[in-house]
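Participant: have a look at this fold, sequence not included:
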């Protein structure tokens, strides 16, 4: 179990697009997701009627592949494409 947890907490380097939101230093995935939520909440990007949906802005669009809105459940798969070891 400790092995999987260590991998889960391994620092990952964000892409140039993602670093505009979370910074350019390597972070564990959990911290990247937390910073994404901080950004989304600070900028009022959660859909007003359906809180599970995230509205895109100029910084999020490249991460969300140009989509105007994504589900919060899909956010991880988009973030994963912007993280490397």
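Facilitator: Sure, I can see it. The shown structure was predicted, so the numbers you read here are calculated from the model rather than taken from an experiment. Residues are numbered from 1 along each chain as shown.

Participant: can you tell me how far residue 18 sits from residue 78?
Facilitator: 9 Å (C-beta to C-beta, to the nearest Å). For the C-beta atoms, the positions are set from N, CA and C on the backbone; glycine is no exception.

Participant: tell me which of those two has more neighbours.
Facilitator: residue 18 (25 against 18; other C-beta atoms under 10 Å).

Participant: coming back round to it: need the overlap of contacts for residue 18 and residue 78.
Facilitator: Common contact partners of residue 18 and residue 78 (C-beta atoms under 8 Å, 6 or more residues apart in numbering): residue 63.

Participant: so which helix or strand takes in residue 32?
Facilitator: helix 29-42 (DSSP states H and E).

Participant: by contact count, what packs against that helix?
Facilitator: strand 11-14, helix 16-22, helix 75-80 (3 or more C-beta pairs under 8 Å, 6 or more residues apart in numbering; DSSP states H and E).

Participant: pLDDT averaged over the longest one - what is it?
Facilitator: What it means is helix 16-22. The average pLDDT within helix 16-22 is 98.

Participant: for stretch 12-24, which positions count as buried?
Facilitator: Across stretch 12-24, burial judged by 16 or more other C-beta atoms under 10 Å covers 12, 14, 18, 20-22.

Participant: and for it, what are the contacting residues?
Facilitator: Contacts of stretch 12-24 (C-beta under 8 Å, 6+ apart): 26-29, 31-32, 35-36, 39, 59-60, 62-63, 79, 81-85.
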